[in-house]
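[1] Sequence below, structure please.
(chains A and B)
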Amino acid sequence: MTEPTWFRLHTEGGRSVLYLQGAWRLARLESIEARLQRLTLPADTGIDASALEQIDSAGAMVLLRRLDLEVDAASTLAWTGLNEGHRRIIDRVREQLAVGPPPPAPRRQSWLAGVGRRVTLLVELLTGHANQLGGTLVAMASLLLRPHRLRMRELVVQLEQTGLDAIPVVALVTALIGVVMAYLLGLQAEQYGANIFVVDGVGIGATREFAPIIVAVVVAGRSGAAFTAQLGSMRLTEEIDAIRTLGLDPWQVLVVPRVLALMLALPLLVFVGDVMSLLGAMAITGSMLDITATAFVARLQDVLDVRHVLVGLLKAPVFALVIAVIGTRMGMTVGRDTRAVGAATTSTVVQSIVAVILLDAAFAVLLQAMEI
Amino acid sequence: MVADPEPQVAPDRGPVIEVDGIVTRFGAQTVHDGVSFSVPRGSLVALIGGSGSGKSVLLREMIGLHRPSGGQVRLLGTDMWSAPQAERNAVRRRFGMMFQDGALFSSLSVAQNVAVPLHEHTRLAAATIDQLVALRLLQAGLPADAGGKMPSALSGGMRKRAAIARAIALEPEILFLDEPTSGLDPITARGFDRLVRSLVDELGITVLVVTHDLDTLLTVVDRVIVLSQGRVLADGSVAEVTAVDDRWLNEYFSVRTMLHGDRIDGS
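    Residues are numbered from 1 along each chain as shown, chains lettered A, B, ... in the order given. From the prediction side, this is the model:
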């Protein structure tokens, strides 16, 4: 099949006529444009559209733009043979093109402005978190005066979702961490015949550092993300506004139950993590290093000072507070479109994990200085 | 548009939408029990009906999103449920759909939203696509600077106009609109009606609109199809439909007389 020609330029007795033909539709715009590129119009050309079968607004647009480039005042060209429907489309497109091109896109910022903007955003983010932390603490303190305002029902629901429902995944992850720690320590200790010291290492390492950190990371991914997604979609559907309008306090209804639930649930989960990581370690030391369960427990009792366990358990509510504050705040301030909820949820998880690890490092230094 | 050597020179007459004996069941509930109608090229047709009469489901069945339990839908002569996949995809490029809340992609700017179908289905140069996008925005009645905005920064009316711009990006032959004026103030809504009318008159697009808006019906629509009890209750001009004796229809059209005060001092 030969390529349709779309138009033909015919010169006769010093006068040129551009004959349009075929169907000028968006579907064939590419080929029309390619042909138009090669068109040069002599001055005072007439346009004959009597063989034009179809033209849509896209076809009209490329034609008019080309004529504009070729001829000084394209609107003065003499058109003949244009049928009524085609004339309407061409006239309308001509009007719309006359509005002019859209304003150019804003210029790209320099990298310095970009850095400045990011720093400002970070500062705004952190002050916002501080603000949310303050608001949460005030709301919780006001509960001390009026304890009946605590939303018991919501608290219990949140305890179930953040605590009870998290037990299987927390147990699995920490047991595996216990196995890995005991295995790696065992490989080293075996060379020196110091098998029993594996219990010391795992006992202190797991209860003081690894169980709290691992559990907090799991909870940040589970519950922190859930807080942001829940509150974010509530904000999207104007439920939070409805709560305010009904004379209720979103802090009391939404934030406090979540923060309290997480602060109660996380230490309990860390305890589960402690037990599971020790059990995991016990399983591997039994088979690899011939340390019986009895010997393991006896050694644990000798070397694992209770303060290590307590340090681990007491870090948990602090981690929980930070995770819950970040999660609820990101949810309550999310932008009003669906993409923003996803972005805020991702951001919550990243921020929470970073915050937990920074806090843990601070704890390590602080407790070292205090010789605990 | 690669596997398409010859442009479809569709006949100017003859129905572009044919709905034939559509039956829809959800479990034991029958929503449509033999719905049939056809829409000729170049007309503006409204589909109305009470809540739960299955207007939106019918619309989804017409555009190939929901499989009917029985019956046929033909758009531009292609059966939307039994034709080969390639043929149905080809038809998909020849109709546009505007969803109720616009369904704009929230991660893309308005101009990028409009450009999506052009990038997907044509191999035009980027500059041409930019020009076409600007034309579409103007055709949808948006100011030229709206293209750079994100959908979340638009008002309800502008969001709907942006959705129209995306729906007509490929210069469709049929345009489906789901509740285009819902949630708009009366002035914006009338402007929208004029826009839809101009698409029909100037670009020759066939428009099927699902609506509740009585003003849309009375001012710009050529023909009304009324769904009730799973069937087409009435099909004709507004005057013909008003004459049909049905409780829901009578109540529906009487809202207008109440507004004009005929019943206010009487009650």
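[2] CA only for contacts and neighbour counts going forward, please
    Fine.
[3] what's the neighbour count on the closest residue to chain A within the stretch 101-250 of chain B?
    Residue nearest to chain A within the stretch 101-250 of chain B (Cα to the nearest Cα): residue B:144, separated by 4.9 Å. By other Cα atoms under 10 Å in any protein chain shown, the residues close to residue B:144 number 17.
[4] these two touch, right, it and residue B:138?
    Yes - counting by Cα atoms under 8 Å, residue B:144 does reach residue B:138; the two are 6.8 Å apart.
[5] near chain A, which residues of the stretch 151-267 of chain B?
    Taking Cα under 8 Å from any Cα of the partner chain, the part of the stretch 151-267 of chain B that reaches chain A is made up of B:152, B:170-171, B:202-203.
[6] right, and the pair among those with maximum separation?
    Farthest-apart pair in those is B:152 and B:202; separation 30.3 Å (Cα to Cα).
[7] quick check: mean pLDDT across the longest helix belonging to chain A?
    Using DSSP state H to define each element, chain A has its longest helix at helix A:111-145. Here helix A:111-145 scores 92 as its mean pLDDT.
[8] Enumerate the positions of that helix that are buried.
    For helix A:111-145, a neighbour-count test (16 or more other Cα atoms under 10 Å in any protein chain shown) marks A:128-129, A:132-133, A:135-137, A:139-140 as buried.
[9] CSV please, covering these and showing distance to chain B.
    Shown next, in CSV, are these (distance: Cα to the nearest Cα, whole Å):
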residue, distance to chain B
A:128, 23
A:129, 25
A:132, 25
A:133, 29
A:135, 28
A:136, 29
A:137, 33
A:139, 32
A:140, 35
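[10] would JSON lines of those residues with distance to residue B:108 be doable?
    Formatted as JSON lines, the buried residues of helix A:111-145 follow (distance: Cα to Cα, whole Å):
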{"residue": "A:128", "distance to residue B:108": "27"}
{"residue": "A:129", "distance to residue B:108": "29"}
{"residue": "A:132", "distance to residue B:108": "31"}
{"residue": "A:133", "distance to residue B:108": "34"}
{"residue": "A:135", "distance to residue B:108": "35"}
{"residue": "A:136", "distance to residue B:108": "35"}
{"residue": "A:137", "distance to residue B:108": "39"}
{"residue": "A:139", "distance to residue B:108": "39"}
{"residue": "A:140", "distance to residue B:108": "41"}
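[11] about what we covered before: need the per-residue pLDDT for the residue of the stretch 101-250 of chain B closest to chain A.
    At residue B:144, pLDDT is 76.
[12] again with residue B:57
    Residue B:57 is assigned a predicted lDDT (pLDDT) of 88.
[13] Name all residues that make contact with it.
    Going by Cα atoms under 8 Å, 6 or more residues apart in numbering or on different chains, residue B:57 touches residue B:66.
[14] Could you say which helix or strand holds it?
    For residue B:57, the host element (DSSP states H and E) is helix B:55-62.
[15] cool, residue A:320 as well?
    Residue A:320 belongs to helix A:306-332, assigned by DSSP H and E.
[16] which element follows that helix toward the C-terminus?
    Helix A:306-332 is succeeded, C-terminally, by helix A:338-369 (DSSP H and E).
[17] before we move on, the earlier item: could I get the helix holding residue B:57 in PDB with only the CA atoms?
    The C-alpha trace of helix B:55-62 is given here as PDB (Å, rounded to 0.1, in the frame of the first residue of the first chain):
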ATOM      1  CA  LYS B  55     -26.400   3.000  35.600                       C
ATOM      2  CA  SER B  56     -22.800   2.800  36.600                       C
ATOM      3  CA  VAL B  57     -22.600  -0.900  36.200                       C
ATOM      4  CA  LEU B  58     -24.000  -0.600  32.700                       C
ATOM      5  CA  LEU B  59     -21.400   2.000  31.900                       C
ATOM      6  CA  ARG B  60     -18.700  -0.300  33.200                       C
ATOM      7  CA  GLU B  61     -20.100  -3.100  31.100                       C
ATOM      8  CA  MET B  62     -20.100  -0.900  28.000                       C
END
